[in-house]
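S.K.: just a sequence and a predicted model for now, questions to come.
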Amino acid sequence: MRVLFASLASVGHTYPLIPLAIAVRDAGHEVHFAAGENVHAPLAANGLRPFRPADSFYEVYAEDLEPELARLRPDLVVHEWGVPGAAVAAHRAGIPGIWHGFGRMIPEGIGLELPTKNAEAPGRPHVDICPPSLQDEDFLATEDRIELRPVPYSDLAALPAWGSRRDSRPLIYLTLGTAFGTPELLTMAIEGLATLNARVVVAAGRVSLEQLGDVPDDVTVQSWVPQAELLPHVDVVVHHGGSGTTLGALAVGAPQLILPQGADQFANADALSAAGAGLRLLPDELSANAIAEHARKLLPYHGHAGHRDAARAIAEEIARMPSPDEVARRLPEYAKRV
């Protein structure tokens, strides 16, 4: 079977698809991956045959993919929620297709077309990596879902000593993702977290280290960190509420403090808070003191076990979800549908 994956050219949209694509490859199928060149390196490293359809840089439109479908003639197209054009192109070509989610069903008004309302490619099932207890209730009730355990992917293999070294103090991980970080917010968060008698690891992302200036001795700042390898060692995650970090922290049972900035982050923060697995601070509530006080409530030595227990319960739920290998074995049945 020949399977074509398609995604927006960003870490947050491409990386959630990589575990399933690897499992499909390992099951003996031929895999190709349509995306902008920005994410080609990790795809090529895993033998997923990346290519850029037409002149696409970030988005993929139906017109970009149609000639590639005629060239490759795939048996199945797995298109993530951010590329409705890929779903439309596959539908027009009469090729079975499956949506692939990256977290909770995306809310309206964040600049992405809702895949559940795509009239040009109706009735397609969804690979859903969100644990049901956090998923949108309407989506659960109305859509054909293929549950898949969220498996964090990292193209940085080794965890440096600053991530795995243990002492009596807890470890806090701070990240604002790849698109939403600012020097002002990172500096504010570092200032607050540095008061907690904890070790703090910061992934600065697009913010240069020079913009953050001098940081306290207990704070380690890197441009990028191997997040999938770091998360099993952390006690608390402070972040922007991106789906990848939210699910990655939940998978290891770590409570979270979410500082949402945009996109689907507010919806993720609401769901996590409602589940009891973390806390949130909205933009007009932010200060160094507020971040410190909220993070303090999540630390293991302050007796606030409720958030940690809720996070661990969701981790157990995630562990029970089908693995990428299990879902890959089911995909041929979907290739028979038109």
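M.R.: Yes, it's here.
S.K.: low-confidence ranges in the stretch 201-338 of the chain?
M.R.: Within the stretch 201-338 of the chain, the ranges that satisfy pLDDT under 70 run 302-303, 337-338.
S.K.: strands along that one, start to end?
M.R.: Assigned by DSSP state E, counting those that start in this stretch, the strands in the stretch 201-338 of the chain fall at 219-222, 236-239, 256-258, 278-280.
S.K.: output the ones you listed as JSON lines; include the columns mean neighbour count and distance to Leu174.
M.R.: Quick note: C-beta positions are derived from backbone N, CA and C, even for glycine. Shown next, in JSON lines, are the strands of the stretch 201-338 of the chain (neighbours: other Cβ atoms under 10 Å; distance: least, Cβ to Cβ, whole Å):
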{"stretch": "strand 219-222", "mean neighbour count": "17", "distance to Leu174": "9"}
{"stretch": "strand 236-239", "mean neighbour count": "29", "distance to Leu174": "5"}
{"stretch": "strand 256-258", "mean neighbour count": "28", "distance to Leu174": "9"}
{"stretch": "strand 278-280", "mean neighbour count": "24", "distance to Leu174": "14"}
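S.K.: which of these sits closest to Leu196?
M.R.: Minimum separation from Leu196 across the strands of the stretch 201-338 of the chain (Cβ to Cβ) falls at strand 236-239, 9.0 Å.
S.K.: that closest one - contacts with which helices or strands?
M.R.: Packing partners of strand 236-239 (3 or more Cβ pairs under 8 Å, 6 or more residues apart in numbering; DSSP states H and E): strand 171-175, helix 243-251, strand 256-258, helix 288-296.
S.K.: any chance of those in JSON lines, plus distance to Pro19?
M.R.: Shown next, in JSON lines, are the helices and strands packed on strand 236-239 (distance: least, Cβ to Cβ, whole Å):
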{"stretch": "strand 171-175", "distance to Pro19": "20"}
{"stretch": "helix 243-251", "distance to Pro19": "12"}
{"stretch": "strand 256-258", "distance to Pro19": "22"}
{"stretch": "helix 288-296", "distance to Pro19": "30"}
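S.K.: ranking those by burial, who's on top?
M.R.: Among these, the stretch with the highest mean neighbour count (mean count of other Cβ atoms under 10 Å) is strand 256-258, at a mean of 28.
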